Structures are given as structure tokens and as C-alpha cells.
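S.K.: Model the structure of this input:
(3 chains)
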Amino acid sequence: MIDDQIIKLIELESLFTLVQISVLKDDYLVVEFLSDSRPKTRVEKEALVAYICEWLDLNRDLTSFYKMARQDPLLKEVVERFPGLRLVGVPDLFEALCWAVLGQQINLNFAYSLKRKFVESFEESITYKGRKYWAFPSYEKLANLSVEDLAVIKMTGRKSEYILGIAKLMSEGELSKEKLQQIKDFNHVEKELISIRGIGPWTANYVLMRCLRYPEAFPIADVGLMNAIKYQLRMDRKPSSEEILKLSSGWTGWEAYATFYLWRVRY
DNA sequence: AGCCAGGAGATTT
DNA sequence: AAATCTCATGGC
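M.R.: Just a heads-up that it's a prediction; the model follows:
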């Protein structure tokens, strides 16, 4: 990502396309298709644009969020610092789940390096102008691996078990984004996710917010959120869950966005 | 050097 | 049910 431009390898219907998105005049996004794997039909092109709209949450009307946030002591500064920021999603369910499990209880830098090794060890890349672009490993591929295979990249046994279990559930068709989308009730989807081994309240809400796109999803016990609140309010300790509940009482329906904006705060 | 990290499950009280 | 222990590597 070079400030106002990003290149991403997008997979749709097992077709890989290298897409470049850039900002034009602060107001428009220009989408260009790179490499040889350009979309051939109008339908394919429109599907890619739809994917990008979902990924960057472009169709969300943030008016009421900003109206609320400008009055909120915790949010008013961050919404001024990052105007227009949208909740960047992780459209692929397996990727969202893996990313969440990888990030459980380890520092972010280690999580990033683990994810990088995970992707580079278990998936292919394409090269464009001397740079490699990676797709995320598929659950079919992971379902055939073992804890020992994952130990090579310093994944702990527990994380490996969780990810392999999830890969198996998805391979068997027991778990899919489509199935979760059919359940309309937020609490019901959350319960369904938490029933899976390795997925607790934090992971479930992380996925609800970044993949299933529920703006009311709220990973309340998130350490990054706690530290951001601590920093914003100049506290000498991390806030308790009760304090966070109280501070977030005005966020109703926008908890995911509030969390995402606070994640941008570096402390 | 020691604490803790964008937690979850198992065990104990 | 609620508190406590275990996993376990690496960053600071």
C-alpha cells in the first residue's frame, strides 16, 4: 500500500484477478485490473466491483455513526483524525477465522509475522512487476494438513488444532459463510460461532464485524480496544469490561465501527 | 529479564 | 457460575 493506492489479489469463483485500487481527487476510487487474469465479461467485472464494495464497506451510510461519534467523548477525536475511514473487511470466512485465531493472545507484530508465514507456506503466489501477491490458503488445502505441518512455522499446537478443526468443518460443508448468512439473528449467529472449538466471544465478534458485517458486533474483551481507551482517556490502567460497557452505551448499533476507529489509535 | 500480547478451553473452587 | 490454570511464542 503506497498511501493512496493498494493492490490485492482477489479470488472469485476460483478465478484470480490482480486488482489495483487508487484514489482520484479525494473523491473517487479507480479500479484497474492488472496481470493476464483480467475479467473477460461484464458480469465478471461487476462481480469484482461488488466484491470491492463489500470489502471496503462502501455502501454503508455512516451519517448516523458520525452524528453519534461527534458527541461521544471517546470517539470524537478519532473520527476527526480518520474522516471517511471504513471498516475494512475480510470477505473470506476461512481467512477471517484463521486471522482471528492466529491473533489470539499474542502481540500484533508476532501475529502479522505468523500470518505471513502461514500464507507463504501454504498458498501460491503470482508475480507482477517483480512483486509477489499471495492468495489466502484454502480450507480444502488446510484440511489435509496436520498439527506437525503447522508446527514448522511456530504455530502452537492449540492454534493449529483450532484452524485444522475449522478447515475440516468447512470442507465437510458444516460451516460456511452462506449458512451463517441465512441465520438473520445476530445473537443466534454469535452462538453458532461460539459453539465451534477455538471460537470464543472475541473471535466470534471479530468475524461478525469483519466478515459477516454486523455493525453491532463488539469484541469487548479486545486488548487493543482496551489500550486505545486507556490512551484516549489518559488512564493509568486498562479499563474493565464494566467500564467499557458504560463508555460504549451510546454506540448502540455502531460498536464495530467504534472499535475499528479506536484500533487506528497508536499508543 | 520478566511481563504481556487484538483469548479459549479445561480445571478447580 | 465464577475464579484460576494452561497453553506457549516472541516483542519490548
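S.K.: Model confidence score at the closest residue to A:Asn59 other than its chain neighbours, please.
M.R.: In space, and not counting its chain neighbours, A:Asn59 is closest to A:Cys53: 5.6 Å by CB to CB, 6 or more residues apart in numbering. From N, CA and C alone the C-beta is placed, and that goes for glycine too. As predicted, A:Cys53 sits at a pLDDT of 97.
S.K.: Assign A:Leu18 to helix, strand or coil.
M.R.: Assigned with DSSP: H, G, I helix; E, B strand; the rest coil, A:Leu18 falls in the strand class.
S.K.: residue contacts, A:Asn187?
M.R.: Contacts for A:Asn187 (CB atoms under 8 Å, 6 or more residues apart in numbering) come out as none.
S.K.: What strand or helix carries it?
M.R.: Here A:Asn187 sits within helix A:186-194, counting by DSSP states H and E.
S.K.: how about the residue in chain A positioned nearest to DNA strand B, what does it touch?
M.R.: In chain A, the residue that lies nearest DNA strand B is A:Gly200 (2.5 Å; CB to the nearest atom of the strand). Contacts of A:Gly200 were listed using CB under 8 Å, 6+ apart, and they are A:Ile194.
S.K.: what phi and what psi does the backbone show at it?
M.R.: Backbone torsions for A:Gly200, taken as degrees, to the nearest 10, come to phi -110, psi -170.
S.K.: And the pLDDT for it?
M.R.: pLDDT, A:Gly200: 97.
S.K.: Please tell me how far it sits from A:Lys191.
M.R.: In this view, A:Gly200 and A:Lys191 are 12 Å apart by CB to CB, to the nearest Å.
S.K.: do the same with A:Glu178
M.R.: Distance from A:Glu178 to A:Lys191, by CB to CB: 18 Å.
S.K.: So for the two, which residue has more residues nearby?
M.R.: A:Lys191 (12 against 8; other CB atoms under 10 Å).
S.K.: Off-centre distance for stretch A:143-160?
M.R.: A distance of 22 Å separates the centroid of the chain from that of stretch A:143-160, by CA atoms, centre = their mean, to the nearest Å.
S.K.: A:Asn59 reaches A:Val49, doesn't it?
M.R.: No - in this structure A:Asn59 lies outside contact range of A:Val49 using CB atoms under 8 Å: 11.4 Å.
S.K.: which of these two has more neighbours?
M.R.: For A:Asn59 versus A:Val49, the count of surrounding residues by other CB under 10 Å is larger for A:Val49: 15 against 9.
S.K.: what sits against that one?
M.R.: So A:Val49 contacts A:Val31 (CB under 8 Å, 6+ apart).
S.K.: What residues does chain A have near DNA strand C?
M.R.: Chain A has residues A:Gln105, A:Ile106, A:Asn107, A:Asn109, A:Phe110, A:Ser113, A:Lys154, A:Thr156, A:Gly157, A:Arg158 near DNA strand C, with proximity defined as CB under 7 Å from any atom of the strand.
S.K.: Give me the neighbour count for the last one.
M.R.: By the measure other CB under 10 Å, the count of residues near A:Arg158 is 13.
S.K.: just the fifth one next, same as before
M.R.: Taking other CB under 10 Å as the neighbour definition, A:Phe110 ends up with a count of 12.
S.K.: Buried residues of the helix or strand containing it, list them for me.
M.R.: According to DSSP H and E, A:Phe110 maps onto helix A:108-122. Within helix A:108-122, the residues scored as buried using 16 or more other CB atoms under 10 Å are A:Ala111, A:Leu114, A:Lys115, A:Lys117, A:Phe118, A:Val119, A:Phe122.
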